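Trainee: build me a model from this:
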Amino acid sequence: MEGRDQSTRGRILSAAEKLFAEKGYKETTTREIVREAGASLSSLQVHFQGKENVYFEVRCRAINQLGDLMRPSVEEVRYLDSQGLLYGETAWNLLYEIVAKYAEWAFDPENEPGIILVGREMLEGPPVSGLPEEIIEEKLSVIQLLCERYTGTPASVWSKLVGRIMFATLLSMSGDCRQYKQVMPGHSRLAESREELKYHVKNYLMLTLRAYLDIRRSAGERADTVES
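Mentor: Take a look at the predicted model:
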């Protein structure tokens with residue numbers, strides 16, 4: 001009985017994730033979810049007590065995958081910073097590692113439905129209240145910290161924006177350019193494969209980020225020279 005319940009629960013979550021990604025939260029009904037899952041309305045009520053809780057768990061599952069992938073890098077950043085060792089190329093190498101992991105998560109086709117949900121939330125806001133944002137905010141704060149440690153500058157608006165811009169860019173490009181296929185049919189293939197697209201997007205982001213951070217770093221060094 002327990003195994004059958006877990007299987008039903010998992011099928012409902014997978015079906016809901018697919019439908020929420022395709023149609024959005026408001027347009028997806030509980031009847032559609034259980035029909036897609038091969039389950040019953042009563043089983044959805046037993047496991048989740050309604051559509052809102054189904055969405056909550058689908059969204060948390062998608063973000064938890066990112067959290068699990070990023071955890072080792074985040075722990076290393078926190079440790080090195082506590083030891084006073086997080087600066088210069090050490091900070092840059094960890095920043096590169098974290099953005100590379102973002103790209104792996106964003107371009108993994110198995111994560112696509114969950115990523116669509118997160119991307120839609122960034123544009124339209126969350127459809128249910130109380131969603132935990134700690135995992136996303138922690139990763140963005142780590143990118144902010146690495147930018148500040150690499151450039152040797154204090155916290156400011158620009159360093160807060162860097163992580164959000166990179167996160168949003170990876171999300172928008174990760175679905176093999178779904179949005180461009182709709183509005184630019186003559187340019188529907190921006191790359192030969194998902195892997196190639198991931199490679200170009202990641203490298204462009206990192207090259208752009210490095211150039212920007214080096215400008216900030218040089219400006220800080222010049223300011224220090226003038227003050228001294």
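
Trainee: in this protein, which residue is closest to the centre?
Mentor: Ranked by distance to the mean C-alpha position of the chain (C-alpha atoms, centre = their mean), the top residue is residue 167 at 5.8 Å.

Trainee: so that one makes contact with residue 140?
Mentor: Yes - contact criterion C-beta atoms under 8 Å: residue 167 and residue 140 qualify, at 6.7 Å. C-beta here means a position set from N, CA and C on the backbone, and glycine is covered the same way.

Trainee: hang on, the earlier thing: tell me which element the residue nearest to the centre of the chain falls in.
Mentor: helix 157-173 (DSSP states H and E).

Trainee: not counting that helix itself, show me its contacts.
Mentor: Helix 157-173 has contacts (C-beta atoms under 8 Å, 6 or more residues apart in numbering) with 99, 102-103, 106-107, 115, 118-119, 122, 136, 139-144, 147-148, 153, 179, 197, 201, 205, 209, 212, 216.

Trainee: ok, now stretch 100-118?
Mentor: 17-18, 20-21, 58-59, 61-63, 65-66, 69-70, 73, 139, 166-167, 170-171, 173-175, 194-195, 197-198, 201-202.

Trainee: same thing but at 6 Å, please
Mentor: Residues from elsewhere that reach stretch 100-118 (C-beta atoms under 6 Å, 6 or more residues apart in numbering): 17-18, 20-21, 59, 62, 66, 69-70, 170, 174, 194, 198, 202.

Trainee: which residues touch the helix or strand harbouring residue 20?
Mentor: Using DSSP H and E, residue 20 falls within helix 2-23. The contact list for helix 2-23 (C-beta under 6 Å, 6+ apart) reads 28, 32-33, 36-37, 39, 43-44, 47, 54, 58, 113, 116-117.

Trainee: pull the most distant pair out of those.
Mentor: Pairwise distances across the contacts of helix 2-23 peak at 25.3 Å for 43 and 116 (criterion: C-beta to C-beta).

Trainee: these two: who's more crowded?
Mentor: Applying other C-beta atoms under 10 Å to residue 43 and residue 116 shows that residue 116 carries more neighbours, namely 21 against 18.

Trainee: and stretch 18-36, how far apart are its ends?
Mentor: 9 Å (C-alpha to C-alpha, to the nearest Å).

Trainee: which helix or which strand is home to residue 212?
Mentor: Applying DSSP H and E, one finds residue 212 within helix 194-227.
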